[in-house]
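K.L.:
Based on what follows, work out the 3D shape:
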Amino acid sequence: MKRMLFLVCVIISLLPFLSGCGEPAIISVECDEFMEQKNVTRQIEIWPAYAITVYLCSNPSTGFSWSESAAISDQSVIQQKHHEFMAPEDPGPGTPGQEMWQFKALEKGTSTIKMEYSRPGDDEPERTFTLTVIVKY
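P.N.:
Predicted coordinates:
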């Protein structure tokens, strides 16, 4: 009976890894942080099949926007699944919203995800966000 209970506990603890859907990792960078530093970096360790959701402060009414597609250094490790602008809950003139990206970890390895915030035609971005993703087993 003890062995059966132990086996059930082990299987339950491994379900997120075996199911293929994985737990989501959420990263959010607010406007205040971008006011303090124009280039924000983060690092995360996850497992294959896990999802990553990134929220970045955005205010398209200023003419600035984040790159539609993230620059991914190794697309065999990480793949972009979705990107959209999310309006603020209480929209007022000049109130920033967020842009949201969803990524999926595919296989073991390291990849860098980079997004740039700029106006069309600008040579240099106003802000950047770089995420180093380490996918491990």
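
K.L.:
switch to C-alpha atoms for all contacts and neighbour counts from now on
P.N.:
Will do.

K.L.:
and the one helix or strand Leu56 maps to, average pLDDT?
P.N.:
Assigned by DSSP states H and E, Leu56 belongs to strand 51-58. Model confidence over strand 51-58, given as mean pLDDT, is 96.

K.L.:
ok, Ile26 touching Val54?
P.N.:
Yes. Look at Ile26 against Val54 with C-alpha atoms under 8 Å: they come within range, at 6.0 Å.

K.L.:
on that earlier part again, residues in contact with the strand holding Leu56: which ones?
P.N.:
Here strand 51-58 makes contact (C-alpha atoms under 8 Å, 6 or more residues apart in numbering) with 21-31, 64-66, 85, 96-105.

K.L.:
okay, Ile26 and Val54: which has more neighbours?
P.N.:
Val54 (18 against 12; other C-alpha atoms under 10 Å).

K.L.:
show me the contacts for the closest residue in space to that one that isn't next to it in sequence.
P.N.:
Spatial nearest neighbour of Val54, excluding adjacent residues (C-alpha to C-alpha, 6 or more residues apart in numbering): Ile27 at 4.8 Å. Taking C-alpha under 8 Å, 6+ apart, we find Ile27 in contact with 52-55.

K.L.:
who wins for most neighbours among those residues?
P.N.:
The residue in those with the most neighbours, by other C-alpha under 10 Å, is Ile52 (23 neighbours).

K.L.:
what's the spacing between that residue and Glu124?
P.N.:
27 Å (C-alpha to C-alpha, to the nearest Å).

K.L.:
among the contacts of strand 51-58, which are in strands?
P.N.:
Residues of these located in strands (DSSP state E): 24-29, 65-66, 85, 97-105.

K.L.:
Just name the shakiest helix or strand of this structure by mean pLDDT.
P.N.:
Taking mean pLDDT, DSSP states H and E as the measure, helix 2-18 is the helix or strand of the chain with the lowest mean score, a mean of 44.
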